[in-house]
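> One predicted model, sequence on top.
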Amino acid sequence: MKANPFRAASYVLSAHELKHLPQDSGIEVAFAGRSNAGKSSAINALTGQKALARTSKTPGRTQQIVIFALDGDRRIADLPGYGYAKVPLKLKAHWRHVMTQYFHKRQSLRAVVLVMDIRHPLREFDLQMLAWCEAARIPCHVLLSKADKLKRGPAQSALLQVRRALPANCSAQVFSATGKTGLDELVDKLRDWYEYDDKAR
Ligand SMILES: Nc1nc2c(ncn2[C@@H]2O[C@H](COP(=O)(O)OP(=O)(O)OP(=O)(O)O)[C@@H](O)[C@H]2O)c(=O)[nH]1
Ligand SMILES: [Mg+2]
């Protein structure tokens, strides 16, 4: 079995604004997606650490950009969820601004893992994120999360439907943080993006 370099992840900081993020060098991969889609749970499954990223039944749990380090040059960013109705308008506007800045200015942003609940894929925010990635030429990998909630047939047809809608620089897979489905596929994708060479495997 291949070693998983993501197990070494550790918490660095939480930022309300871009200026509080770590220095913009090395490689950062961001986990984005609607509120409650399963971003933080995916990070915990990836790193094999149950409580590294905070998860919650209450949507809107992650309200800052939370940074985890794999080593001195490689980071994971857990982004705040979008689309949670109860967030005050002012905060929504603040986040829209910060997210727009983040996607346009963050030089180290190498790629985006876009998490969607497999039962509700391709909502408005997801489409906007895909369009951003396409425009900024940032590769994107869609995790169709909570796949344990669907039988195999419907899960595969959701995957096909999503794949048909993706721009050229995006890929997609089925995923379950609970069932650990699709973990190897995600690890392989991230290994490429983070430029872990074969010798490190
Ligand atoms: N059944 C099932 N539940 C999941 C899975 N992944 C996440 N959940 C649940 O979905 C809820 C939200 O998960 P989070 O990981 O906190 O979602 P998030 O996208 O980080 O949410 P925000 O931080 O609010 O944007 C929690 O109750 C999780 O336990 C999964 O693969 N299967
Ligand atoms: Mg979260």
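Okay, I see it. Ligands and ions are numbered 1, 2, ... in the order given.

> rest of the way, CA atoms for contacts and neighbours
Noted.

> And the average pLDDT for stretch 168-183 is what?
What stretch 168-183 shows for mean pLDDT is 95.

> List the buried residues in that stretch.
Cys170, Ser171, Ala172, Gln173, Val174, Phe175, Ser176, Ala177, Thr181, Gly182, Leu183 (16 or more other Cα atoms under 10 Å).

> Among those residues, which lie within helices?
Of the buried residues of stretch 168-183, the ones assigned to helices by DSSP state H are Leu183.

> Give the other helices and strands that the longest helix seen in the chain contacts.
Of all segments of type helix in the chain, defined using DSSP H, the longest is helix 89-105. The elements that helix 89-105 packs onto, with contact taken as 3 or more Cα pairs under 8 Å, 6 or more residues apart in numbering; DSSP states H and E, are helix 124-136.

> try 10 Å this time
strand 65-69, strand 109-117, helix 124-136 (3 or more Cα pairs under 10 Å, 6 or more residues apart in numbering; DSSP states H and E).

> Would you format these as a markdown table with mean neighbour count and distance to ligand 2 included?
As requested, the helices and strands packed on helix 89-105 are exported to a markdown table (neighbours: other Cα atoms under 10 Å; distance: least, Cα to the ion, whole Å):
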| stretch | mean neighbour count | distance to ligand 2 |
| --- | --- | --- |
| strand 65-69 | 23 | 9 |
| strand 109-117 | 24 | 11 |
| helix 124-136 | 15 | 16 |
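
> Just checking, which helix or strand of the protein averages the lowest pLDDT?
The weakest-scoring helix or strand in the chain, judged by mean pLDDT, DSSP states H and E, is helix 89-105 (a mean of 86).

> Helix or strand for the residue nearest to the spatial centre of the chain, just tell me which one.
Central residue check for the chain by Cα atoms, centre = their mean: the C-alpha nearest the mean position is that of Phe31, 1.7 Å away. Assessed by DSSP states H and E, Phe31 sits inside strand 27-33.

> quick one, that strand and strand 65-69 angle?
With axes from the mean of the first three to the mean of the last three Cα atoms, to 10 degrees as the basis, strand 27-33 and strand 65-69 are set at 140 degrees to each other.

> Next, the buried residues of the strand or helix carrying Trp193.
Following DSSP H and E, one finds Trp193 within helix 183-194. By 16+ other Cα under 10 Å, the buried positions in helix 183-194 come out as Leu183, Leu186, Val187, Leu190, Arg191, Trp193, Tyr194.

> Same question for stretch 48-57.
Counting neighbours by 16+ other Cα under 10 Å, stretch 48-57 gives Gln49, Leu52, Ala53, Thr55 as buried.

> The last one reaches Ser41, doesn't it?
Yes: using Cα atoms under 10 Å, Thr55 is in contact with Ser41, at 6.1 Å.

> Tell me which two in the buried residues of stretch 168-183 are the farthest apart.
Within those, two members stand farthest from each other by Cα to Cα: Cys170 and Ala177, at 20.9 Å.
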